[in-house]
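1. Model the structure of this input:
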Amino acid sequence: MRKLTEILYPSTMKFQCPCCDLEIPFFDVKIGFGQRWTREPFGCPHCKRLLSVSAIYAWSVFLGTLLLAVAIGISLRIHPLFLLVPTVVIIQLLIAMLAGAYVKAFFPPKIAEYYQDDLSLRQRM
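-> Alright, predicted model coming up:
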């Protein structure tokens, strides 16, 4: 019964911080990508550490929404073919909005402390 309530009302679901073991609200956990396709970090409201979902989870959600958008675009029989690309982009954005709310409820992400992929000390312009 609790799982059904979490699916119907995802805002009631909480995740656990791996650093302080306190609860993180559902909508504070971000799945998306930031600049240069790096995972988008989010902060724990209690210990203020930067956290992120695993790279495999973020990429699987992205590729899953992309494949679903392509399948829907092909099934709609969009012709000429050059119109398929903008159609798929629009469909993927719509699916990603739904996925952002419901994928975390069906498949909870593994949350870990955030480390930048690029740990060099060079200055970015």
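2. what about the longest helix in this structure?
-> helix 84-106 (DSSP state H).
3. immediately after that helix, which helix or strand?
-> Next helix or strand after helix 84-106 toward the C-terminus (DSSP states H and E): strand 111-113.
4. Name the residues that touch that following strand?
-> Outside strand 111-113, the residues that touch it by CB atoms under 8 Å, 6 or more residues apart in numbering are 15-19, 24, 29, 49-54. C-beta coordinates here come from the backbone N, C-alpha and C atoms, glycine included.
5. Check which residues of it are buried.
-> Applying a neighbour-count criterion of 16 or more other CB atoms under 10 Å, one finds residue 111 buried in strand 111-113.
6. Parallel or antiparallel, which strands does that strand pair with?
-> strand 50-53 (antiparallel) (DSSP bridges).
7. which residues touch the strand it pairs with?
-> 17-19, 24, 29-31, 39-44, 58, 109-114.
8. Now do that strand: distance to the chain's middle.
-> 11 Å (CA atoms, centre = their mean, to the nearest Å).
9. Show me what counts as buried in that strand.
-> By 16+ other CB under 10 Å, the buried positions in strand 50-53 come out as 51, 52, 53.
10. that's a strand at residue 27, yeah?
-> No - Residue 27 is assigned helix when assessed by DSSP: H, G, I helix; E, B strand; the rest coil, not a strand.
11. Any figure for the gap between the closest residue to it other than its chain neighbours and residue 33?
-> Nearest in space to residue 27, with sequence neighbours left out and distances taken as CB to CB, 6 or more residues apart in numbering, is residue 11 at 6.4 Å. Distance of residue 11 to residue 33, computed by CB to CB, to the nearest Å: 23 Å.
12. can you check residue 64 too?
-> Residue 64 is 14 Å from residue 33, where distance means CB to CB.
13. tell me how far the helix or strand encompassing residue 71 is from the chain's mean position?
-> Following DSSP H and E, one finds residue 71 within helix 55-75. Helix 55-75 sits 12 Å away from the centroid of its parent chain (CA atoms, centre = their mean).
14. thinking again about what came up before, show me which of the contacts of strand 111-113 is closest to residue 100.
-> Residue 100 has its nearest neighbour among those in residue 29, at 9.7 Å by CB to CB.
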